[in-house]
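>>> The amino acid sequence is not available; the structure is as follows:
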């Protein structure tokens, strides 16, 4: 569960985001700096698709994903993205937790475009992915898209992690 604290000290803004035992801090002191926080829920299903051949969708494993995500923007540029969610088979087996951490945006993937409710925003970069607190995938190429301030799509390098996008909502 995410816990947010925003502290104002004169012109210094400190944002503290806590996920379980992990703590992320962002501080800003520029008077021209506007920080926007976007957050929401991950609500997705992932299919354990075979690498090749034909398959019957009724007979493949399916996993439910549920959790929270947060993205902060400073002067309209994404500065941080984190997510924490649980993943479990639809039969209630193999319950585990994933976190997306250490997001690093590619410098050429985002222009200084205002984050408006009717604007679609996509950023590309890399991030680390944990399973039950241990980093299992390092610097995975990732695209994060916000659509109409309503939905989020987190899409990965097809050869890494689950090979399928993760979907959610913006709150």
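On my side now, so go ahead. Not measured: the values here are computed from a predicted model. Residues are numbered from 1 along each chain as shown.
>>> The helix or strand residue 42 falls within: how far from the chain's middle?
Using DSSP states H and E, residue 42 sits in strand 35-47. Strand 35-47 sits 6 Å away from the centroid of its parent chain (Cα atoms, centre = their mean, to the nearest Å).
>>> Could you do stretch 163-171 as well?
Here stretch 163-171 is found 8 Å from its chain centre; the criterion is Cα atoms, centre = their mean.
>>> Compute the mean per-residue pLDDT across that stretch, please.
Mean pLDDT, computed over stretch 163-171, is 93.
>>> before we move on, the earlier item: helix or strand right after the strand holding residue 42?
Downstream of strand 35-47 (by DSSP H and E), the next one is strand 62-74.
>>> List the buried residues in that next one.
For strand 62-74, the neighbour count (16 or more other Cβ atoms under 10 Å) marks 63-65, 67-74 as buried. Heads up, the C-betas are built off the backbone N, CA and C, glycines and all.
>>> Okay, angle between the strand holding residue 42 and strand 62-74 too, please.
Calculated by axes from the mean of the first three to the mean of the last three Cα atoms, to 10 degrees, strand 35-47 forms an angle of 170 degrees with strand 62-74.
>>> Just the buried positions in strand 35-47, please.
Buried, per 16+ other Cβ under 10 Å, within strand 35-47: 38-42, 44, 46.
>>> can I assume residue 69 is in contact with residue 167?
No: at 10.9 Å, residue 69 does not count as touching residue 167 under the criterion of Cβ atoms under 8 Å.
>>> which residues do these two both contact?
Counting by Cβ atoms under 8 Å, 6 or more residues apart in numbering, the contacts common to residue 69 and residue 167 are 42, 152, 154.
>>> Just the closest of those to residue 52, please.
Closest approach between the shared contacts of residue 69 and residue 167 and residue 52, by Cβ to Cβ: residue 154, at 25.3 Å.
>>> Is the closest one part of a helix or strand, or is it coil?
strand (DSSP: H, G, I helix; E, B strand; the rest coil).
>>> Check the spacing between it and residue 160 real quick.
For residue 154, the distance to residue 160 equals 12 Å [Cβ to Cβ, to the nearest Å].
>>> So for these two, which sits in the more crowded spot?
residue 154 (20 against 14; other Cβ atoms under 10 Å).
>>> Could you give the average pLDDT over the strand holding residue 42?
Mean pLDDT, computed over strand 35-47, is 91.
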